[in-house]
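[1] fold the following and give me the result.
(one chain, ligands or ions: 1)
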Amino acid sequence: MPTHTFPPLVAGNWKMNGLIASLKEVEALKEKLADANPRCDVMLCPPFTLLSRMNKVLGDSGIGLGGQDCHWEPSGAHTGDIAAEMLADIGCTAVIVGHSERRTDHGETDEIVRKKAAAAHRAGLVSIICIGETIDERKAGKTLDVLSTQIAGSLPEGCNAANTVIAYEPVWAIGTGLTPTVEEVAEAHAHIRKELAAQVGGAEEAARVRIQYGGSVKPGNAKELMAVDNVDGALVGGASLTAEDFFGIISAAYL
Ligand code: PGA
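    The predicted structure follows:
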């Protein structure tokens, strides 16, 4: 089990899921967490449409609120986009950037991700920067190279342990029920930690950056995955949609 001098972060990424009625799951999660005192921070990242209402439901529960994406400009003529400042204004403390679904569906490059992460920091938000290899890249033995390139390209100047979280999400593990072996997770996370040193001003700072694992995290595998060295929490998709599963992950790993 990694020993943490900082709380790991378990964040739920609802993706394009959730209607107003889904907030009952948040009520239920709040209740489950009320007396639980997990050894981790907990956050939910719903679609933009639910941010305001969810913020009210979360109240002073201690559960954080994050966005799933932001534009890099603070305002302007960008139909359909949301600025990091708008997320901060509505009560978010973090935003996911560079998720593989954004990289695939919207052609987001490392450079775009870097600009978005910089925007998050400008607005006072924590950036949760997602990186990860495709199955072809893994099969070709390129996983660590891909991670190095994404880290070098996606992290803006000024990243530190307080404003940046890295989410290692193998693309082939997202939503598939497949997960890497614990050895593969350990190798990737150790590599990310090493590469981060150059980005955050040294190994000491890099040691404090939270590196989440993401991709088919479930109540049944959370304990094993979160016990891997250099794994400092999880970014959870499908299993974050119900209080039962999301709390199941938190309790399996951090209670
Ligand atoms: P999943 O998604 O847990 O549904 O695999 C993880 C993610 O994409 O953040």
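
[2] is the longest helix along the chain in proximity to the ligand?
    Counting by DSSP state H, the longest helix found in the chain is helix 182-200. No: Helix 182-200 stays out of contact with the ligand when judged by Cβ under 6 Å from any ligand atom, the minimum separation being 13.9 Å. Heads up, the C-betas are built off the backbone N, CA and C, glycines and all.

[3] also stretch 148-165?
    No: residues of stretch 148-165 contacting the ligand under Cβ under 6 Å from any ligand atom: none, with a closest distance of 12.3 Å.

[4] now do the same end-to-end measure for that stretch.
    This stretch, stretch 148-165, spans 16 Å end to end (Cα to Cα, to the nearest Å).

[5] only the buried residues of that stretch, if you could.
    For stretch 148-165, the neighbour count (16 or more other Cβ atoms under 10 Å) marks 148, 150-151, 154-156, 159, 161, 163-165 as buried.

[6] after the longest helix of the chain, heading C-terminal, what element do we hit next?
    helix 203-206 (DSSP states H and E).

[7] quick one: which two of the buried residues of stretch 148-165 are the most distant?
    Taking Cβ to Cβ as the measure, the buried residues of stretch 148-165 span a maximum distance of 21.3 Å, between 148 and 163.

[8] which residues touch the residue of the stretch 151-255 of the chain found nearest the ligand?
    Proximity to the ligand, evaluated over the stretch 151-255 of the chain using Cβ to the nearest ligand atom, is greatest for residue 237 at 2.3 Å. Residue 237 sits next to 12-13, 15, 174-175, 214 when contact means Cβ atoms under 8 Å, 6 or more residues apart in numbering.

[9] could I get the pLDDT score of it?
    pLDDT recorded at residue 237 is 98.

[10] what's the answer for residue 193, then?
    pLDDT for residue 193: 98.

[11] distance of it from residue 206?
    6 Å (Cβ to Cβ, to the nearest Å).

[12] ok, those two, which is more surrounded?
    Neighbour tally, residue 193 and residue 206, criterion other Cβ atoms under 10 Å: the higher count belongs to residue 206, 22 against 18.

[13] run through who's touching the helix or strand harbouring residue 147.
    Assigned by DSSP H and E, residue 147 belongs to helix 143-154. Outside helix 143-154, the residues that touch it by Cβ under 8 Å, 6+ apart are 97-98, 109-111, 113-114, 117, 129, 131-133, 137, 166, 168, 170, 184, 187-188, 191-192, 195-196, 198-199.
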